[in-house]
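J.: how would this look folded up:
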Amino acid sequence: MDACTRNAEGEEGGGPDVRIFAHYQLRFYRRICEPVLVLSGEIEYRLVDSTAFPWDKNPRPGNINVYRQRFADGGVAFIGRSGEEVVFSAWLQRSRLRIDELSWTWNLPHTDAVVYDVETMDAWRGRGIYPEALRRLSGLLADEGLRYIWIYAEAGNTASLRGIEKAFFDFRGSLSALHVIGLTFRRGTVEGVNA
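T.: Below you'll find the model as predicted:
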């Protein structure tokens, strides 16, 4: 993607951005969706819609409205549980995803999906759950006939980047965005993304 200028929402006619200055750099990774050997374990992973989402066990109750909007936009949640406790959560989109940091809407091919907002709950960190969950997700999507799963993380988020690499994702490129008084300047290239 070449550098370009857009309003803060990335589209014509959007409202103004209240930030005066912000800079983001996101690294993008892709993995082929393929079946995975699932050993019985302490954590059960499932893709869930709004009816099966653990609203009452949600570890981030302040995000309820955001989650409702994600479901309304066609997203699904990927939840890992140990008994009744939510230990892992992520979001999956198969058609298009708005990436606010870049002020950009990503239109995905029908064979691809993107996982984002990936989180292992604090008490469960350091146990290898993040890469295990991403590998499991790859297997679930392979069963549904998807070809690729994408993920991105901020360039400075070393813990997430390590987990992504341990889950056998391949680096495909990076995009950065500079937001200045309502304008966005983007630059970078991600192989396999029509941005």
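J.: can you give me the helices for this structure?
T.: 64-72, 129-143, 158-166 (DSSP state H).
J.: Out of the ones you listed, flag the one nearest Leu37.
T.: With C-beta to C-beta, the closest approach to Leu37 among the helices of the chain belongs to helix 129-143: 8.4 Å. C-beta here means a position set from N, CA and C on the backbone, and glycine is covered the same way.
J.: residues making contact with that closest one?
T.: By C-beta atoms under 8 Å, 6 or more residues apart in numbering, the residues outside helix 129-143 that reach it are 31-36, 38, 43, 45, 47, 78, 80, 87-88, 90, 92, 113, 115, 118, 120, 149, 151, 159-160, 163-164, 166-169.
J.: Run the angle between that helix and helix 158-166 for me.
T.: 40 degrees (axes from the mean of the first three to the mean of the last three C-alpha atoms, to 10 degrees).
J.: Output helix 129-143 in CSV with nothing but the alpha carbons.
T.: C-alpha atoms of helix 129-143 as CSV (Å, rounded to 0.1, in the frame of the first residue of the first chain):
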residue,chain,number,x,y,z
ILE,A,129,-2.4,-20.9,25.7
TYR,A,130,-2.1,-18.1,23.1
PRO,A,131,-0.3,-20.2,20.4
GLU,A,132,-2.3,-23.4,21.3
ALA,A,133,-5.5,-21.5,20.8
LEU,A,134,-4.4,-20.1,17.4
ARG,A,135,-3.4,-23.5,16.2
ARG,A,136,-6.8,-24.9,17.3
LEU,A,137,-8.5,-22.1,15.5
SER,A,138,-6.6,-23.0,12.3
GLY,A,139,-8.0,-26.5,12.6
LEU,A,140,-11.6,-25.4,13.2
LEU,A,141,-11.4,-23.1,10.1
ALA,A,142,-9.9,-25.8,8.0
ASP,A,143,-12.9,-28.0,8.9
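J.: Of all the helices of the chain, which one is nearest Ile181?
T.: Ile181 lies closest, by C-beta to C-beta, to one member of the helices of the chain: helix 64-72, at 25.9 Å.
J.: List the buried residues for the closest one?
T.: Tyr67, Arg70, Phe71 (16 or more other C-beta atoms under 10 Å).
J.: Spit out the contact partners of the first one.
T.: Going back to what we said before, that points to Tyr67. Tyr67 neighbours (C-beta under 8 Å, 6+ apart): Phe53, Asn58, Ala77.
J.: Perfect, I'm done here.
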